[in-house]
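In: coords please:
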Amino acid sequence: MNLKLFFAKKVILLTAVLAALSVCPLRAGAQVVSSDSVINCITRTLQTADVDSLAGYLNQRVELSLPDFSGISSRNQAKILLSEFFKSNQPESFNIISSNRENDTYFIVGTIFCSTHNYRVSFLTKQQSNQQFVYQFTIE
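Out: Just a heads-up that it's a prediction; the model follows:
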């Protein structure tokens with residue numbers, strides 16, 4: 001392989017990773033991220049079925065409702081359940097239908113368009129320790 005082409009690909013990949021991190025920063029640490037940015041990041045994770053990133057925005061305990069499950073879940077259990085859902089429902093797009101903000105609480109309703117079916121999605125985020133976390137997440 002041409003050495004210049006190899007390094008050009010590496011630079012492009014590194015640039016893409018850095019751009020993604022600047023748009024959707026990692027949740028580790030006490031980094032303060034604006035609520036609007038968190039909503040945009042969650043929206044992107046739904047469009048791409050990036051459950052690992054989505055799990056980073058879930059509270060330690062989350063009220064989760066999926067077609068085959070309803071209840072209070074730990075973050076790790078919710079990640080597993082969401083992964084199973086997205087294995088059989090690959091998203092094509094996600095559109096926000098309605099959003100409501102009251103103080104540091106957001107409620108978002110949207111539609112996720114999957115190859116097999118369209119689903120109504122809603123989630124509730126609340127601020128805790130200068131970070132927005134998802135406390136309720138529903139796919140129906």
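
In: Beta-bridge partners for Thr111, please?
Out: For Thr111, the beta-bridge partners under DSSP bridges are Asn95, Arg120.

In: residue ranges of the strands in the chain, please?
Out: 58-66, 69-74, 91-102, 105-114, 118-128, 131-139 (DSSP state E).

In: neighbouring contacts of the longest one?
Out: Read it as strand 91-102. Residues outside strand 91-102 that contact it (CB atoms under 8 Å, 6 or more residues apart in numbering) are 35, 39, 43, 46-49, 106-115, 121. (Glycine included, C-beta is placed from N, CA and C.)

In: And for the last one?
Out: Taking contacts as CB under 8 Å, 6+ apart, the residues outside strand 131-139 that touch it are 27, 30-33, 35, 38-39, 42, 57-59, 62-67, 78, 85, 104, 106, 112, 119-127.

In: What of the fourth one?
Out: Residues external to strand 105-114 that are found in contact with it (CB under 8 Å, 6+ apart): 35, 39, 42-43, 46, 89-101, 118-127, 132, 139.

In: Among those, name the buried ones.
Out: Applying 16 or more other CB atoms under 10 Å to the contacts of strand 105-114, the neighbour count classes 35, 39, 42-43, 46, 89, 91, 94, 119, 121-126, 132, 139 as buried.

In: Identify the residues contacting Arg61.
Out: If you count contacts by CB under 8 Å, 6+ apart, then Arg61 has 72-75 around it.

In: out of these, who's nearest Ser53?
Out: Nearest to Ser53 among the contacts of Arg61: Arg75, at 12.6 Å, using CB to CB.

In: what about that closest one, neighbour count?
Out: Residues near Arg75, counting by other CB atoms under 10 Å, number 16.

In: Now mean pLDDT too, for the strands of the chain, in CSV please.
Out: Shown next, in CSV, are those (pLDDT from 0 to 100):
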stretch, mean pLDDT
strand 58-66, 96
strand 69-74, 96
strand 91-102, 92
strand 105-114, 94
strand 118-128, 94
strand 131-139, 94
